[in-house]
Every structure is written in C-alpha cells, then in structure tokens.
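Enquirer: predicted model and sequence follow; I will ask about them next.
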Amino acid sequence: MSNQSLEATVEPADVQSWIDAIGREPSAAVPLLQAIQGAYGYLPRKAMDLVIANTDVNASQLYGVATFYAQFRLKPVGRHLIKVCHGTACHVLGADRLNTSLNHILGITDEEEDTAANGSYTVEDVACIGCCSLAPVMLIGEEAFPNLSGADAQRSLKKHARKVKEVLPGHEEMQNEAKAKKAAKVQEVRA
Amino acid sequence: MNGMIITVGEGTCGIAAGAKDVMTLLKKQAPEAEFRVVGCVGMCHREVMVEIENPDGQVYLWGDVDRKSAPKIMKFHKGAGDLPKDNLIRSSENPDAETDAYLARQTRIALRNVGHIDPKSLEQAQGRGSYVAIKKMVAEMSPEDVIEQVKIANIRGRGGAGFPAATKWTFARNAPGDKKYLVCNGDEGDPGAFMDRSLLEGDPHTVLEGMLVAAYAIGASNGYAYIRAEYPLAVENFQKALEDARAANLLGDNILGSGFSFDVKIKQGAGAFVCGEETALLASIEGERGMPRIRPPFPAIKGLFAYPTIINNVETLSNLGWIINQGGKAYSDIGTSGSKGTKVFALAGAIKNGGLVEVPMGMTVRQMLEEIGGGSSTDYPIKAVQLGGPSGGCIPASLFDTPIEYEAINATGAIMGSGGIIVMDEKSCMVDISRYFLEFTQLESCGKCTFCRIGTVRMQEILSRICDGKGTMEDLDTLEELAHKIKDSSLCGLGQTAPNPVLTTLKYFREEYEAHVKDQKCPAGVCKGLITHFIVQDECTGCTICERYCPVNCIEGELKKPETWVIDQEVCINCGMCVEVCKPDAILVQ
C-alpha cells in the first residue's frame, strides 16, 4: 500500500461549513488550517484551494502560515499518529532511542519518510508536551505512554497494533527473517 | 463505602500515567463513594495520585497508584487488608517528613488552588475564593488603584523577561483610544516548563480572574487567551471556565452590574516557540506567520490590530487576584529587594521529587534541589542544572548557593526564563545538551534576522561536529564569536538568548568540550560518535534478546554460547537499544 491511498477525499461542503463558522478575514487563516488538519490529519491541496478561492486569505499567506507552524503538515498521515516527545527531559533520558526503535519495527529506513509503507503509522517528533516527570513519553493518538525505554516503545506499539488490527512492516520482516534462519538451521542439522 | 470521598488527580501528567484507568477501577470497587476530579498537585513523580478521605475524617494520600495497587488500597480502606506501604505518601496518622517538607518549603500563590479543585467547577473555584477580588475591585477600586497595588507588589513578568507588570500597564492605560486588548500568553514553548499548562488546566478561573484584573486596569474590553495547541485539556478547561463565568455575569457585558465589560476568546497556537515573543504572538493572532516586529511602537501603544495591547503571561496573571485581595504590600513582603513574590518552577530530570514547585524568590538553588527536590534520583551526584530552557543556561554545582532572583541568576549567565529546571547528573553530557538546545532554536528561528537564521545553524553544525569527535580547538573560539554576534544582531529574545546554553557550558564546563576535541572522549558516555558498544562475553548468557532489538542487525552469535557474541562496530549506530534490553548488563559502553 503506498502513501497515495492515504490521500483524503475533500468534500467542498465541509470546507465551506468551516469557513462559515470561523470567518473569511485574514486572521481566520490559522483556525481554518486547524479545522482542516483536524478533519483530515493533514492539509490536502484541494481544501487549501477552496480556502484560497472562498476567503480573503490569499495563497501566499495561507502557505506561508501552513509551512511556518510545526503543527501543520502537507503530506498525508498514516492511519494512526505517534508523537514522540523531544522536550529536554525526554531528550536527556533517551527520546532518540524511541524513534530508532519505532522506525525499526515500522520498517521506516528512509530519513525523509515518517510513515510506514503500509500506511499504518506515522511517527512525528513534537516539542515538549509538558509531562516532564514522566519522560520519555510518546502519544499514540490521544493515549500517552509514560517512562518508556526503546524496548517499551516497541512493546506498546505491538500491543496497540494488535488492538487496532494493523500490521507492523518491520516486525513482519523480522519474524520472516527469524523463520528463514530457523529453517536454514533445520536444513543444516538434517544435512 | 458511604461517606468516603475519593479524589483523583487528572491533570495531563496524571492522565498520561493512567489516572482514567484508576478512576474507572476505583468506581467499580467503591460505587457508593463520592468521586472528585482535581488538577495536578505538582507531585508528578508520584502520579497517579489518589486522596481518600474515610467517613471518620482520616485522610490518606496515595501515590504510584495503578491497576495492581488500586484494589489493595481499596481493600485496606474497607478494613480487610494490610496497609500498602509502598503507595502511601502520607496520612493523618502517618505523616511523611519528606513530603511534608516538600509542601512546607513552598509558598503557593499562583498555584493556590491547583490540585484542590475540580477545574471544571466554578462553584468549587469560588469555594476557594475565586472572583472575590473581582467583586472587591469593581466595587471599591479605580483602575488607577489597581495599578497602584500591582506597583507596590512590584511583580515582574513571569514569562521570562521580568519586566515590571505595573509599568507596562501604565503605558497602555495612558495610550489614547477606546479599544484596547488584553492577551494572555499561554504559548508555553520552553521544553521542560509546564507551569502554565498546569494552571490553565488545573485552575482556569484564577487565570481568568487575573485577566479581568489586568483588563480593568488598562481599560481593555476585549481579550484573547493564546494557548498552545499541544495542550488540549487546557483549552477544554479554559473554554468551560469562560462559559461558566459568562453565565454567572463574571465575564461579558456589565460585569456584576459595574459597567465594566470584558470578554475573552481562545486562540490556539499552532506550534512555534517564537510566538512566546509578544509581537510574534500578535502576528500569529492576526493570522500571519509568527514573526517579531520592530519595537517601538511597543504593543502597549500599538499592538493587536494596531490597538494598544498588553500581553501578560499565565503565571503573572494567576498572582493578580491574590494581590488585589491581600494588597500589594503582602506580596512585596515575600522575596528579595529586586525580585518580589514567588516563582513556579518545573523540576525534571535526575531529581527525586520532580514536579511543580512554587517558592519565594531568594531561596537558593541548593535549597530547592535538596529540601524540596530531595536530591539526585540516580547513583550519581547532581552536576548542574539547566535553567530557562533554550534561552537559559547551565548553573554548575559550585554555584548552587546562588539565590533564585532575577539579578543573581542573570549574573551566572543563565536566566530565570519561564522556570523550567532540568537537573543533570554526571551521566549528562554538557556538549550534547548545548547541541540539543541549538538544534531547537535553529529550527524555531523565524528567519527574520540573518545572524539568528544562519548563525544558529552554523553553531549547531559546529556542536554536532564536536559531538562526533571531529571538532577542533578553533571551533570553540568560533562558537564564542558567533554567540556574541547573534546576541548583538537579533531583533527578539529568541536570537538574543539562543547562544546562552553554549556560552554558559563553555564557561563552566570547558573541560568537557576539550575532552571531546582533544581526547576524542565524551566523559559522560553520551555522544554517539565518541562511544563504542561491546559485549563482555563473561557476563553474557547468549539469550539473543539484543540481537532481536538491534535496529541495524549488527549483533550476532549463537543461542546460549556467550563466547560467540560480538557487535559489528562498522555497522553499529550506538543507539543503546542493546544496553537497555540486556538483563545481565553484559554490554559495555566506552
């Protein structure tokens, strides 16, 4: 499954309803983008075009704002979003290891990529979420997982994946490798 | 049991630690009890916290409550089980000296209600005295009287800069025009600081009360609460507070029949550290990229939508109701000659009692770490504290007798900032921490000023080079030179303070930088380019767990044959996963 399939279907009527509720003036730019991202998980091109066509916010301002703030993303997001906190306390206690370990189990190897190839999960770094005494912390959706080691992060993700019936590409690959290794060993012993 | 009152702390950190689960479980175990929800008490290191009041009036405070311990605690309360000692923090019968000291050494003004009330209940907030100040203010005081009391209190802006609040207000009060704005700055972007979050989600009415005081003083009828989008619970609770206050005529038109009108809208931030800066925050509310503007004109004269605007930090606002009730004098009696009142700090890192603490100005760093924080949480002594986040600096252990007040802290090269304190022991690398902060400021620089935009990138590159063992002694001089130039040529606080973490660590921990450059060693064993992981085969059991967790498949060996296990150094990325999972501690880092 490629990221292409994660593209959202934008209903013009939805976008219009947010514009009606929030407003058309330039100061509506941030809340409008927040409404769009809230619904689709990212900012689809079509929704952006609709805002530009139907409000006083021009394209330069809208994209200027969308690319300035850390909250907004222009790329589609996986079906589940993992946020890894990189506040100071989390950093000192090893937050980097959570990324290494999550990317491993999700089979994300390309540094530019943050979503698993099957579209299951996206791993995003966030600035401090303010739970410093529970560091390191990550969120899967709304649920927080405190005091994690790299291995804990993998265990929590595996558990979550079982619950929501997602396949973890990196984990699958590891299992296949282990199976192949075992089979080779059996062959060797038999021979 | 009938008559039993069970209170669960459901701040963001409590919820993260599993408070909702605990609540569900307790409700099942004691359906007849009365359940209450409160915000964060500040003792984050013992979350989930539950307070249980027996029908006979005995009060027990439990910590680290989870699925396993909750039933044991309930069993004890029903008189059917032993006292679960590990979870008991204190009770009326068994006071705990350390916890009592933790609370007794604090002076809670801003945090006066947090952890005592259900943040969604106006009634409970009023039960603790919220809005008494507003009744008094509109009935007895003129705006000038209010400014006068705040001037006597001499409270300085708690967001970081420390500018006297009353002085700022006077500018806006005297600015011509009928339309003025009051903005609450809740864009707490410092990694490691969470007092504003705790106030907004744990006691929103106190923040709103402060906004009313400030608005009355400057003559504002419109307000914005700019709250970080990363704090959904704060937004939710503050929204509820606005609705309830409006319904009670404490907000909106003709407040309590006084003729004073003021209303507040919430604006959610979208994740930009620079928006903590006043003019950038205003640009953000106006729908622009959050880039600072040249001052003057100051926002107090020409601010939001070109109207006179005062921006006050959440913590500053939370003190105002108290000042109106008790008088400015009572506030200025606390603290030192230059820094009055109290300051809230977020203690985190290698400290035993991490959490939120509010202390009178003038307490020393050492007193805070030892008497409240309980000292190091690890086997190693505390080496330094990082105060003020990315804009602040490191204070070494040799200066721990420095009193906590604006001038004394500034003299060390750090800043009070918003009050985030990260405690570091000998396992923390000072070069790595500087690199971390520069990476942060480099990303968050809005790009307006050249030195901040490019200079921070260059500094970060040099620091990464040093962490990789590829730095030169010249690099250290270049760092210093760049640091001073960035400070001198940046428009706003972000650039002016961004080099502080580097300057202070170079000043106090130069030998660590030199060890990275000259000896190619990271004394703390943190920097990945300067350490190697290998397996001590005598300790290894050949369990294969490291092989399974290694993300780059660089560990190999045969099951139960320790002598076969090795790490391929060419492939190893020194991520440390193997160290984490190895049960017999057979992996050595050098």
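Expert: On my side now, so go ahead.

Enquirer: just for the chain, where's the confidence low?
Expert: You didn't say which chain, so I picked chain A. Applying pLDDT under 70 to chain A picks out residues A:1-4.

Enquirer: chain B was what I was after
Expert: B:1.

Enquirer: one more time with 80
Expert: Within chain B, the ranges that satisfy pLDDT under 80 run B:1-2, B:98.

Enquirer: nearest residue to the middle of it?
Expert: Closest to where the C-alpha atoms of chain B average out (Cα atoms, centre = their mean) is B:Ala193, at 1.7 Å.

Enquirer: quick one: it is in a strand?
Expert: No. Under DSSP: H, G, I helix; E, B strand; the rest coil, B:Ala193 falls outside any strand and is assigned coil.

Enquirer: excluding chain neighbours, what is closest to it?
Expert: Nearest residue to B:Ala193 in three dimensions, chain neighbours excluded: B:Gly420, at 3.5 Å (Cβ to Cβ, 6 or more residues apart in numbering or on different chains). Quick note: C-beta positions are derived from backbone N, CA and C, even for glycine.

Enquirer: coming back round to it: which residues touch the residue nearest to the centre of chain B?
Expert: Contacts for B:Ala193 (Cβ atoms under 8 Å, 6 or more residues apart in numbering or on different chains) come out as A:Cys128, A:Gly130, B:Ala346, B:Gly389, B:Gly417, B:Ser418, B:Gly419, B:Gly420.

Enquirer: my read: B:Val146 touches B:Glu140, true?
Expert: No. The pair B:Val146 and B:Glu140 does not pass the contact test of Cβ atoms under 8 Å, sitting 10.3 Å apart.

Enquirer: please say which of these two ends up with more neighbours.
Expert: B:Val146 (24 against 9; other Cβ atoms under 10 Å in any protein chain shown).

Enquirer: with adjacent residues omitted, what lies nearest to residue 74?
Expert: Using chain A here. Residue nearest to A:Leu74 in three dimensions, not counting chain neighbours: A:Leu43, with 5.5 Å by Cβ to Cβ, 6+ apart.

Enquirer: try again with chain B
Expert: Once flanking residues are discounted, B:Met74 sits nearest to B:Gln29: 4.3 Å by Cβ to Cβ, 6+ apart.

Enquirer: wait, that neighbour sits on B:Lys72?
Expert: No. In this structure B:Gln29 lies outside contact range of B:Lys72 using Cβ under 8 Å: 10.5 Å.

Enquirer: list the contacts for the residue lying closest to B:Glu558 once chain neighbours are set aside?
Expert: Once flanking residues are discounted, B:Glu558 sits nearest to B:Thr564: 4.7 Å by Cβ to Cβ, 6+ apart. By Cβ under 8 Å, 6+ apart, the contact set of B:Thr564 is B:Gly542, B:Glu556, B:Gly557, B:Glu558.

Enquirer: quick one on the thing from earlier: now do the contacts for the residue nearest to A:Leu74.
Expert: Counting by Cβ under 8 Å, 6+ apart, A:Leu43 has contacts A:Leu33, A:Ile36, A:Gln37, A:Ala66, A:Phe72, A:Arg73, A:Leu74.

Enquirer: mind naming the longest helix for chain A?
Expert: Assignment by DSSP state H gives helix A:169-190 as the longest helix of chain A.

Enquirer: if we can go back for a sec, now, which of the contacts of B:Thr564 sits nearest chain A?
Expert: B:Glu558 (9.8 Å; Cβ to the nearest Cβ).

Enquirer: didn't the closest one look like it was pressed against B:Gly542?
Expert: Yes. In this structure, B:Glu558 is within contact of B:Gly542 by Cβ under 8 Å, at 6.8 Å.

Enquirer: end-to-end on stretch A:68-87?
Expert: Counting by Cα to Cα, to the nearest Å, you get 20 Å between the two ends of stretch A:68-87.

Enquirer: then stretch B:464-471?
Expert: Terminal residues of stretch B:464-471 lie 9 Å apart, using Cα to Cα.

Enquirer: that stretch: which residues count as buried?
Expert: Neighbour counts over stretch B:464-471 (16 or more other Cβ atoms under 10 Å in any protein chain shown) mark B:Ser464, B:Arg465, B:Ile466, B:Cys467, B:Gly469, B:Gly471 as buried.

Enquirer: can you pull the domain assignment for the chain?
Expert: Answering for chain A, as no chain was given. Domain assignment of chain A by automatic domain parsing yields the ranges A:3-68, A:80-173.

Enquirer: the intended chain is chain B.
Expert: B:5-95, B:122-332, B:342-425, B:430-519, B:532-589.
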